[in-house]
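Any chance you can model this:
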Amino acid sequence: QVQLVESGGGLVQSGGSLRLSCVASGRPFTRYAMGWFRQAPGKEREFVAAISRTSGRTYYADSVKGRFLISRDNAGNTVYLQMNSLKPEDTAAYYCAADPTNTAAAMGIILPDYWGQGTQVTVPS
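Next up is the predicted model:
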């Protein structure tokens, strides 16, 4: 089992940037495809981005493509989400996720097995 701890959320003005981090512990990090999801109040949790185990291949939701960048540091057991040009509709709790079985490409379809506790991102309108 892997434990995931997110950090980096906060309040940022529209057009600003934030970088979220997620540190994993408990199992070899390269065992997991990693991803980020978000959930706004009153809405379902939605896929944001995913990254493969070692090739670095990335996948994004259309709503964040071109603004967000997912990356991982396998030596440091950390996955990042760089969020640029933030909009009020990006306001949500952001969750890090890990999947030991499926590919990063599937993360938008098959929910991962492991989740962090979430970090709040607020972009006032």
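
how about the nearest residue to residue 27, chain neighbours excluded?
Residue nearest to residue 27 in three dimensions, not counting chain neighbours: residue 2, with 4.8 Å by CB to CB, 6 or more residues apart in numbering. Every C-beta, even on glycine, is put in place using the N, C-alpha and C of the backbone.

What's the local residue count around that neighbour?
By other CB atoms under 10 Å, the residues close to residue 2 number 19.

quick one: contacts for it?
Neighbour list for residue 2: 24-27, 31-32, 98, 100, 114 [criterion: CB atoms under 8 Å, 6 or more residues apart in numbering].

now those in JSON lines, with neighbour count?
Output for the contacts of residue 2, formatted as JSON lines (neighbours: other CB atoms under 10 Å):
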{"residue": "24", "neighbour count": "24"}
{"residue": "25", "neighbour count": "11"}
{"residue": "26", "neighbour count": "12"}
{"residue": "27", "neighbour count": "15"}
{"residue": "31", "neighbour count": "13"}
{"residue": "32", "neighbour count": "26"}
{"residue": "98", "neighbour count": "25"}
{"residue": "100", "neighbour count": "15"}
{"residue": "114", "neighbour count": "18"}
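
And the furthest pair within these?
Pairwise distances across the contacts of residue 2 peak at 14.3 Å for 25 and 100 (criterion: CB to CB).

Secondary structure and distance to residue 88 for the contacts of residue 2 - can I get that in TSV?
Formatted as TSV, the contacts of residue 2 follow (DSSP: H, G, I helix; E, B strand; the rest coil; distance: CB to CB, whole Å):
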residue	secondary structure	distance to residue 88
24	strand	30
25	strand	34
26	coil	36
27	coil	37
31	helix	37
32	coil	32
98	strand	29
100	coil	35
114	strand	30
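
secondary structure element for the residue sitting nearest the centre point of the chain?
Centroid check for the chain by CA atoms, centre = their mean gives residue 36 as the closest residue, at 2.0 Å. Per DSSP states H and E: residue 36 is located in strand 33-39.

mind checking the backbone torsions on residue 105?
Residue 105 adopts backbone torsions of phi -60, psi -30, taken as degrees, to the nearest 10.

Quick check: the gap between it and residue 51.
Counting by CB to CB, to the nearest Å, the separation of residue 105 from residue 51 is 10 Å.

No further queries at this time; thank you.
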